[in-house]
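Visitor: Need a 3D model of the sequence below.
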Amino acid sequence: MGDSEERGGEPPSLQAIQDATQKINEAAEALERRQQLRELNLAPARPGESDLKKLDSSMKRNSALIRKLRTLSEESRAALLDDIAKTNQSKYVSEVVGAIAEAPLKLKDVPAALAVCSALHQRYADFAKELVSTLSKLCATADEEKAGVARKRAVLRLLVELLLAGLYSAHSVLLGIVKQLVTAADFQRDLEAAQAALSLLTALAKAGREELLGLTPALPVALAPDSLPGGEAGGGGGPEAEAAEAYAAAVARYEAALAGRYCLPPEAQATLRAAVERCFEGACGALTAAHAALQATEAENAHVLNSRGDLPEDMAAAYEAQRKGFEGLQRTAAALAEVLDRPLPELKQAVTRMAAAEEPGAAAGEQQAQQVFEDEETRAFYESLVDLRAVVPAVLLGEKARDEAGAGGEAAPEAADGGAAAAAAAQPKGQQGAAGGGSSKQEGQGYEDILEGKGAEEQREPSQLDLLLARLPGCVSKELADELAVNFCYQQTKGARKRLARALAAELPLGALALLPYYARITATLAQVFPDIAQAVVSHLESEFTALARSKDATARTLEPRVRNMRYAAELAKFRLFPPGTAFSMLKSLLDDFAGHNIDAACAMVETAGRFFYRLPETSTRMANFLEVMMKLRNARNLDARQSSLVDSAYFAVKSLDRAAKRKQRPPIHEYIRHLVYERLPLGQVTKVLKKLRRLPWAQHERYLVKTLLRASHKGRYSQIPHIASLAAGLTRYHPSLGVALVDEVLESIEAGLEAPDAGLYQRRVAAVRLLGELYNYKLANSHVLFATLHLLLAYGHEAGTPPEVTRKLDPPANYFRIRLICGLLGVCGQYFTRGAARRKLDRLLPYLQRYLLAKPPLPLDVEFDMQDLWDHLKITPPQYDSYEAACAAVADIEAAEAAAAASGLEAIEEEEEEEEAEGQEDGGSDAGSDGDEEEEEGGEAEDEDEGLEGGAQGEEDEEDVRMLRPATAAPVEVDEDFEREFSQLMLDYQGRGARQAPGAPPGAGAAAAAPAAGPGLAPAPGAAAVPPYGGSGEADGGGSGAGEAVAFKVMMRRGGRDDRSKELRIPLSAGMAAHLRQKEEREAAEKAELKRLVLEANKRDQQEQQEALRAAQLARRAGPGARGYYGRGGGGG
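Guide: Numbers count the residues shown, from 1 in each chain. Next comes the predicted model:
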């Protein structure tokens, strides 16, 4: 229906017509594009063999394309189409099909997948057939997981689009899939599998509603033809008339596109439609049965709730699971009903939630710790009552008579009723009887009798009791109410108590709702010694509620009694005289018929005692559930403005104050610290925050700052953690105790998470591990702390002697969270464990990690991928073990070797560990303050807010720039330790051989032997010192050109004898290696000569300057006493 039809024939606006035209044109363009794509796919112009040979068919390029296809999405659409056009996949069609089938498609990625499949189909003839076969098999597999069902939904949508786009024409594929889904949709056998099949059928029906099922198509936006302006009405071609013509043209274009689209044959459409409708009917029957079962469970829960006051956890969990299953089935059936234009079965009663779970975000411990009342004055009014036994003599209260009743038998009732002897003697017997019998007929009274006041006592002379009761309407304060209760004790009798109960319950002045709290206080005060008064008042209120509920009078005269009854019951409940179960039963009966005066009565109850019930631990859950139900009814019913405001006022009177009471008050300096850490630090303003925090009174607020930094790591954003570590590193330069305290807090947080594993605190544990890694990066923690934490993560709860049940509780077998923590910690700082002691510790850790992984069940794919990413990040290959026993043996060997080394006194010395870590971190580590250099000034507002703290120190602090520069990164060089050891030994041998050479040897032979050659594996020959290395002897003799000359090299061998580990090798000068070596030595000699010349010239200048200075000093001394001294401080002038 169009908008004009909904407004009763009013013509649509110009903007509405233009919007409708645009939407219809877009729908027509989509149909036209689909038709064009179908024509291209039905008659594809595939390239020939010669054209394909010109394209890139290498395995590397095709492998890259297949990897991209495995992550097919709308974002990678353009890149994939470009790669398909440039590569030849004729030999890899099967791999391409498999990659598309493995892609995690979503519904939004289906257009991209259709474009890619069309491009491949237009190039390779056997692609479409193989793709359709693979996708149909994928839809036939059983998978009830949420992710699997979502992926199948996208694959089924793709199959429909492929059929409509002309990649295949055998509609039997879809018919077979639909038959399998209808068979699987057996709601009596397996409800979850049936819901999954129903959702897949809904996706198929939605994708091909008109083409596959043959349902009547409809315009995206339809406007009534009569409401469109004509040409004459528009003033001869006005904008309205032009918009109407454009709308008509768009409709004609859309209808033409509909006429030219592809549809299944009518027989196939009828078969598919019948199968889907049959499944829909089964879903409707299952929905009705599930609703009936849910109502039965709800009735049973209500009975248990009313009888025992709370709902057992197992019953609540079962009800919650049943309710969620019903809601899921209802959503799926509603989606299919919308596609088929069929109504859902009418459910008789809306389901209300009666779970015993708490409201999200409300913890039971916090509610128990809260005060029941808002302030001390209110608490004193409802809880601090007058102790009548301490104020009134016990004989007047009948306490002594009751004590004597144990031996006196029948004398107790008379003695108890004769407590006020003087008042009883002064009162005539007839009046006493009238006073006691007035309320005996109350139980038989109806609603009309209560309203009209029938059954009241006849007129008589006022007695002292009557005068006392006449003061009841004047009790408008706590003191007056307490005084009346005390005075009644001096006149109490059995008849007087009945008379007072009737006055308190049934003889309230009309419209005096403000007196109800004081009447309830009088009842509660007297109930300490006369419980029959409270019982009579409660019984009267219950019977009055029943009478008012039976009456269907909805006039204004019944409104005030209903509201008064509920408010009175609520006030008595706050004095703990009215049972909460009865109060909730009354509230539930009002919510079941939430209309008319019942809304006012329910709101009166909630507004008066809802706050009390919500804060009371034993009734908090039930009150929260009733509030939720009341708000749902308020949204579902068509209430007027007054009733809606009543419900809102009652609801927020309970909830809003509760939220406001949780506001924690902090000192201003703590609020300022939180502002800097939580608001300024995430913006990257590390340097500014550092400067401002340094101005704090450090001794008083260091501990709070440490806790704030730790809380910010898990309460703030995950990307904020490096800023926290940077700030801590900068502050540690001035206050070293902060770094130690922060590391200790982080380690305690990690260990606490291991002691009490809770899935709700996983995010906090991940943040703590990330913070520890960043603290190591900023040199606040060493590798010993880091690897101790890693070993703790692997071994906590698995120590020898730990009971198996404790181990399963601390680290369940199917829980892989510790592996994620290890991956997170090593992923942050593992790149620095490349050499030295840290690398040895990492190598020692790997067998322990492999043992832990083998002790677990097979890793899930996401955890396995995390481990692979970790190995790639660390650039190491972990040790592989065939079984858990082999890993245990490797760990045992490591521990045995360490124990043997410790026993023999050869334990590894790691004094150089900190230096090695510092060298390893110089490559990539950073310190505090580097982030602040890149900040931009945000204006004057951010700076002005801190002027109070900056004070006079502003000038000094501005000159001080806390900055630690990041060292240039250098790629780590791989060192062959065996080769270095051999090289060092060989050098020592040659040095010793030069010292021990024969007396007749040339004097430079030893030095030549000890000098290294121009490379790590070459050294000059021992005897080459007397002979020039490049054939210098021939040149000295004036010999020839040097074509036959050679250079003697000494090649060091890795393995050799004890005395000779090298071999002499002579290389001719014509070789490139010798020429290069000769040029290098010539350059070195030239550099040395130039350096020598510069040094000599500098020495010569220094000598000249010294001589000139000496000469000037001598001349100054000769000038006499009138000359001025050094820097003008000379003798006196003449």
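
Visitor: What's the separation between the residue nearest the centre of the chain and Gln528?
Guide: Geometric centre of the chain, nearest residue: Gln763, 7.2 Å, by C-alpha atoms, centre = their mean. From Gln763 across to Gln528, the span is 52 Å (C-beta to C-beta, to the nearest Å). C-beta here means a position set from N, CA and C on the backbone, and glycine is covered the same way.

Visitor: thinking again about what came up before, verify the stated contact: the residue nearest to the centre of the chain with Ser713.
Guide: No - Gln763 lies out of contact with Ser713 (C-beta atoms under 8 Å); the separation is 10.3 Å.

Visitor: Can you list the helices and strands that the top helix by length along the chain packs against?
Guide: As assigned by DSSP state H, the longest helix anywhere in the chain is helix 1072-1118. Contact here means 3 or more C-beta pairs under 8 Å, 6 or more residues apart in numbering; DSSP states H and E; on that basis helix 1072-1118 packs against strand 1046-1052, strand 1062-1068.

Visitor: Okay, now the unreliable bits of the stretch 351-500 of the chain?
Guide: In the predicted model, the stretch 351-500 of the chain carries pLDDT under 70 at residues 351-371, 398-462.

Visitor: let's see it at 50
Guide: 351-370, 401-459 (pLDDT under 50).

Visitor: try the stretch 951-1100 of the chain
Guide: Looking along the stretch 951-1100 of the chain with the criterion set at pLDDT under 50, you get 951-971, 992-1044, 1056-1057.

Visitor: Quickly find the element holding the closest residue to Ala185 other than its chain neighbours.
Guide: Spatial nearest neighbour of Ala185, excluding adjacent residues (C-beta to C-beta, 6 or more residues apart in numbering): Ala197 at 4.2 Å. Here Ala197 sits within helix 191-207, counting by DSSP states H and E.

Visitor: following that helix, which helix or strand comes up?
Guide: That would be, after helix 191-207 and using DSSP H and E, helix 239-259.

Visitor: Give me the helices and strands touching that following helix, please.
Guide: helix 14-42.

Visitor: the strands in the stretch 751-900 of the chain, which residues?
Guide: Remark: no strands are assigned in the stretch 751-900 of the chain by DSSP state E, counting those that start in this stretch.

Visitor: the helices in it, which residues?
Guide: For the stretch 751-900 of the chain, helices defined by DSSP state H, counting those that start in this stretch occupy the ranges 762-777, 783-795, 804-810, 817-829, 836-855, 861-874, 884-903.

Visitor: Arg157 contacts Ala203, doesn't it?
Guide: Yes - between Arg157 and Ala203 a contact is recorded at 5.8 Å, counting by C-beta under 8 Å.

Visitor: Now do the shared contacts for those two.
Guide: The contact sets of Arg157 and Ala203 overlap at Leu107 (C-beta atoms under 8 Å, 6 or more residues apart in numbering).

Visitor: For Ala896, the count of nearby residues, please.
Guide: Neighbour count for Ala896, taken as other C-beta atoms under 10 Å: 10.

Visitor: meant to ask about Gln195
Guide: 22.

Visitor: pLDDT at it, what is it?
Guide: Gln195 carries a pLDDT value of 77.

Visitor: Might one say that it is in contact with Gln330?
Guide: No - counting by C-beta under 8 Å, Gln330 is not a contact partner of Gln195; they are 10.4 Å apart.

Visitor: wait, Gln89 sits on Val116?
Guide: No - the criterion here is C-beta under 8 Å, and Gln89 misses it with Val116 at 11.7 Å.

Visitor: From Ala855, how far out is Pro722?
Guide: From Pro722 to Ala855 the distance is 33 Å (C-beta to C-beta).

Visitor: what does Glu26 give?
Guide: Taken as C-beta to C-beta, the span from Glu26 to Ala855 is 58 Å.

Visitor: Check the gap between Ala28 and Leu258 for me.
Guide: Taken as C-beta to C-beta, the span from Ala28 to Leu258 is 9 Å.

Visitor: Next, the contact list for Arg1101, please.
Guide: Arg1101 neighbours (C-beta under 8 Å, 6+ apart): none.

Visitor: per-residue confidence at it?
Guide: pLDDT, Arg1101: 88.

Visitor: before we move on, the earlier item: buried residues, the helix holding Ala197. List them.
Guide: Buried residues in helix 191-207, counting neighbours by 16 or more other C-beta atoms under 10 Å, are found at 191, 193-207.

Visitor: same thing with stretch 869-877?
Guide: Within stretch 869-877, judged by 16+ other C-beta under 10 Å, the buried ones are Leu870, Leu874, Ile876.

Visitor: what's the answer for stretch 381-397, then?
Guide: Neighbour count says stretch 381-397 has Phe381, Tyr382, Leu385, Val386, Leu388, Val392, Leu396, Leu397 buried, by 16+ other C-beta under 10 Å.

Visitor: Just give the closest residue to the third one, not the sequence neighbours.
Guide: To tie it back to what came earlier, the one meant is Leu385. Using C-beta to C-beta, 6+ apart, the closest residue to Leu385 is Thr525 (5.0 Å).
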